[in-house]
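Peer 1: can't give you the sequence, but here's the structure:
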C-alpha cells in the first residue's frame, strides 16, 4: 500500500453544511486499508467554507481561489496538486456510505482496464440517480428533458430512452456514462485522461470524459456495491439562470464534438422553440408571480443563447483562469 492511494478532490462553493457532512463521511467510506489525501478547492465562497474546513478538518488541504472559476478549472487545479495513485472527484453535496471509496479503489486495482469508475448513486429520497449508467445525450434526449417529457414519462421508449430506467444499478458493469458527482480516475489512465476537458467549463465534462476514456480503450464502470447519496444542485440553484444556460451550452458543445453539426443545429433550434413556449407558459396568471419571474429570466437567457449561438455576454463567465490552468496541466502532463 502506498502512502497515498487516492487523492480526493472536492470543488465547493457556498455549501458549507453539505461539505462538512461529506468530509465527515470520508473515513468510513475509505476504511482502514487505503491512505488518502483530501483537497478542497473553494471557489471563493462567501459562507466561510475555507476557514471552517481549516478549523474543523485540519488534515484537509484547502485551495482558496480568489474568485469563482466554475467547476472544471477548479477541479483541474485540485487534480494538478494531487499526489495519489488514484484520483477521486467528489461533489460536496454527497454523503458516502461505508466502504464506498474502498470498493472503488479495490475494483480499480484488480481490473486494470477499468479506467474510470463510479458508485451507485442514490438521491435524497433513496432512489437511483439515473444520470449514472445512462446513455450519452442526443439532441432528442436533451429536448425531451428540457420540455419535461422525460420526467412526465420516465419509462417512455423514446422520451426517456437514454436514462435506461430499467437498468439495474445494483450490479457492477461497464456503462456508457458515469455521473460526475463521484468519479475515480484509475492509476492506469495516462496523464492526459486524468483531468477534465476545459472546453466544458461547467456541466458535460463527465460525459465528455467518459467518451475520451472509452476512446482510449478503457472501460467506464459502475461499481454497484459502492453506494453514495447525492443531494444535487446545491451550488447551481444559487445562480439558476447561469447554471441553466451553461447546461444548455455544454450539451451543444458535446453534440458538436461527439455527434456532429447536424445534431448540434437541431438541439439549438429545438431549445429556441422550447424557450419561446416556456416564456408563454410562465406568463399565465395561474403560476405564482415569484416562480414565474425566475423562470422567465431563465428562458429569456436560453432564448438569447439560441439566437446568438453562445452564452450571452451578460452571463458569460471569465475563462482566463481556466486557460491558465489548462496550460499548467499540459506542462505537468508533459513532464510525467
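Peer 2: Everything's here; your move. Just so we're clear, the structure is a prediction, and the values are computed from it rather than from any experiment.
Peer 1: what sits against the nearest residue to residue 167 once chain neighbours are set aside?
Peer 2: Spatial nearest neighbour of residue 167, chain neighbours left out: residue 133 (5.4 Å); criterion: C-beta to C-beta, 6 or more residues apart in numbering. In short, each C-beta sits where N, CA and C put it, glycine included. By C-beta atoms under 8 Å, 6 or more residues apart in numbering, residue 133 lies in contact with 164, 167, 169, 175-178, 222.
Peer 1: ok, so of those residues, who is nearest residue 127?
Peer 2: Set against residue 127, the nearest of the contacts of residue 133 by C-beta to C-beta is residue 169 (10.3 Å).
Peer 1: would you confirm that the closest one contacts residue 127?
Peer 2: No - with contact defined as C-beta atoms under 8 Å, residue 169 does not count as touching residue 127 (10.3 Å).
Peer 1: what bridges to residue 7?
Peer 2: In this entry, residue 7 is beta-bridged to residue 37, residue 87, by DSSP bridges.
Peer 1: quick one: it and residue 89 touch, right?
Peer 2: No - here residue 7 lies out of contact with residue 89, judged by C-beta under 8 Å, at a distance of 9.7 Å.
Peer 1: all strands of this structure, in order?
Peer 2: 6-12, 36-42, 61-64, 86-90, 94-96, 114-122, 173-174, 182-185, 219-230 (DSSP state E).
Peer 1: what number of residues lie near the nearest residue to residue 258 once chain neighbours are set aside?
Peer 2: With C-beta to C-beta, 6+ apart as the criterion, residue 258 has its nearest non-adjacent residue at 5.6 Å, and that residue is residue 211. Neighbourhood size, residue 211 [other C-beta atoms under 10 Å]: 18.
Peer 1: do you know how far residue 211 is from residue 197?
Peer 2: Residue 211 sits 10 Å away from residue 197, going by C-beta to C-beta, to the nearest Å.
Peer 1: so the residue nearest to residue 258 sits against residue 136, correct?
Peer 2: Yes - if you go by C-beta under 8 Å, residue 211 and residue 136 touch, sitting 6.9 Å apart.
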